[in-house]
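**Q** Got a predicted structure plus its sequence, pasted below:
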Amino acid sequence: MTHPTASVNYGERQAGSLRTGDLLLLPDATRTAEIASVAVDNDDFGTPALVRATLTGGGVLSIAAGSTVLIQEPESSGGSTASAGDSPADIPSAPGAAESVSAADAGAPAQADGLESLPAVVVPPPPASPPAVVGPSEADLALIPTAEGTPESVVEAAAAAHPKDAGVLLLSDRLAKGINTKSGSCLKDLSDLAHELFVVLGDAEHALAVADLLTVLPFDGNPGRWASVEAALALASYICRQRGDDERAAVYEKFLRAPDAMETDPFKARINAKVRQRSLNEPNLYDKEIFRAIDNSNRDAEREWRLLRLEALLFLRAHGGSQTIGGAELERRITNELDFVRG
């Protein structure tokens with residue numbers, strides 16, 4: 001192990017990308033040690049969770065796979081480092097900086113230099129800033145008809161077409177007070193109205209008009225608001241595919257995948273892609289809940305669960321299916337759920 005001097009340069013590195021031979025800044029922020037080997041432990045879902053770095057002088061550091069640590073770099077590397085006048089001990093760490101180590105590792109004695117293998121105190125990344133808004137291009141928007149009148153008038157037209165439907169009237173009454181696209185509850189009402197119009201009433205025209213009040217909204221990094229936009233995009237995509245308007249449907253599907261491309265860190269992007277693919281391969285289709293409702297002869301409960309299943313199937317359809325459920329099978333399942341709900 002070496003004691004760095006003030007002229008040593010350090011660069012940030014994701015723990016998941018550590019390699020044999022890297023000179024890692026130790027938790028005391030005054031010494032470095034060469035990494036002899038690296039092992040990665042996955043969590044129960046198969047995602048990299050813990051990196052175990054064995055040091056040449058003995059001892060093992062356990063570090064969360066997504067954590068950031070400092071690696072000594074040659075002066076010629078020009079990497080992102082602390083200034084030449086700073087020693088490693090001067091590098092600030094934010095309050096509550098993440099520590100990732102098992103209890104056994106925290107107290108395990110090292111085999112060389114009489115040192116202990118201490119918890120890996122990582123240098124946290126800069127404070128998270130709001131993600132850049134990913135908006136639709138002008139060419140994409142040109143394929144989506146502009147609503148005539150105000151958003152409220154679009155809702156009013158849909159309500160006027162179905163004056164006796166309780167679901168439409170309830171949602172339209174709430175939305176008539178004013179549509180605020182910054183409100184998560186308002187976006188949820190719009191998405192629910194679009195689904196009520198198409199799924200229950202088979203009114204594709206008004207459903208698409210209401211859905212388009214949401215589909216043109218960019219992803220702003222808020223998962224709660226995006227869930228409603230996502231559902232509207234999946235519904236609009238399905239309606240357009242059914243009508244043979246594949247070009248417009250492709251635009252909705254492109255918007256739906258916009259958040260997938262926002263992560264700029266390669267390691268995190270790979271992890272996100274694996275998690276996303278797993279969610280597509282193993283979707284929650286509410287089988288247990290539906291079977292329980294059937295066993296209890298509770299048709300109302302069964303219908304509500306099937307509506308949730310249909311929404312999940314539409315989402316998969318907009319993604320082009322998955323490795324476990326292909327396009328043809330999705331179409332069959334969606335048709336079955338629509339027949340049940342409308343029947």
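**A** Done, it's in.

**Q** Start and end of stretch 39-58, how far apart?
**A** 15 Å (Cα to Cα, to the nearest Å).

**Q** and residue 107, what pLDDT?
**A** Confidence at residue 107, expressed as pLDDT, is 39.

**Q** make that residue 218, sorry
**A** For residue 218, pLDDT reads 88.

**Q** number of nearby residues for it?
**A** 15 (other Cβ atoms under 10 Å). (C-beta placed from N, C-alpha, C; glycine too.)

**Q** what are the phi and psi values for it?
**A** Dihedral angles of residue 218 (phi, psi; degrees, to the nearest 10) stand at phi -80, psi 160.

**Q** so how far is residue 243 from it?
**A** Residue 218 is 25 Å from residue 243, where distance means Cβ to Cβ, to the nearest Å.

**Q** which residues of the protein fall in strands?
**A** Per DSSP state E, the chain carries strands over the ranges 9-14, 23-25, 32-42, 48-55, 60-64, 68-73.

**Q** Turn the ones you listed into CSV, columns for distance to residue 261, mean neighbour count and mean pLDDT.
**A** Formatted as CSV, the strands of the chain follow (distance: least, Cβ to Cβ, whole Å; neighbours: other Cβ atoms under 10 Å; pLDDT from 0 to 100):
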stretch, distance to residue 261, mean neighbour count, mean pLDDT
strand 9-14, 19, 18, 79
strand 23-25, 32, 22, 85
strand 32-42, 25, 16, 84
strand 48-55, 21, 20, 83
strand 60-64, 25, 23, 83
strand 68-73, 22, 21, 82
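
**Q** how about those, which one is nearest residue 337?
**A** strand 32-42 (34.9 Å; Cβ to Cβ).

**Q** Let me see the contact set for residue 252.
**A** Taking Cβ atoms under 8 Å, 6 or more residues apart in numbering, we find residue 252 in contact with 215, 233-234, 236-237, 240, 318.

**Q** so of these, which ones are in helices?
**A** Within the contacts of residue 252, residues falling in helices by DSSP state H are 215, 233-234, 236-237, 240, 318.

**Q** of these, closest to residue 56?
**A** residue 318 (50.8 Å).

**Q** Counting neighbours, what do you get for the closest one?
**A** By the criterion of other Cβ under 10 Å, residue 318 has 25 neighbours.

**Q** Same check on residue 57?
**A** 15.

**Q** That one and residue 34, how far apart?
**A** Relative to residue 34, residue 57 is positioned 8 Å away (Cβ to Cβ).

**Q** give me every residue that touches residue 56.
**A** 33-36.

**Q** pLDDT at it, what is it?
**A** 81.

**Q** Would you mind giving both backbone torsions of it?
**A** Dihedral angles phi and psi of residue 56 (degrees, to the nearest 10) take the values phi -60, psi -30.

**Q** Could you check how far it is from residue 9?
**A** Shown here: residue 56 relative to residue 9, a distance of 21 Å by Cβ to Cβ.

**Q** just residue 197 next, same as before
**A** 61 Å.

**Q** Run a quick neighbour tally on the nearest residue to residue 171 once chain neighbours are set aside.
**A** Leaving aside its chain neighbours, residue 171 sits nearest to residue 193 (4.3 Å; criterion: Cβ to Cβ, 6 or more residues apart in numbering). Look at residue 193: counted by other Cβ under 10 Å, it has 27 neighbours.

**Q** now do residue 269
**A** Residue 269: 14 neighbours (other Cβ under 10 Å).

**Q** okay, it: pLDDT?
**A** Note for residue 269: predicted pLDDT of 80.

**Q** Now that it has come up, it's in contact with residue 263, right?
**A** Yes. Counting by Cβ atoms under 8 Å, residue 269 does reach residue 263; the two are 4.4 Å apart.
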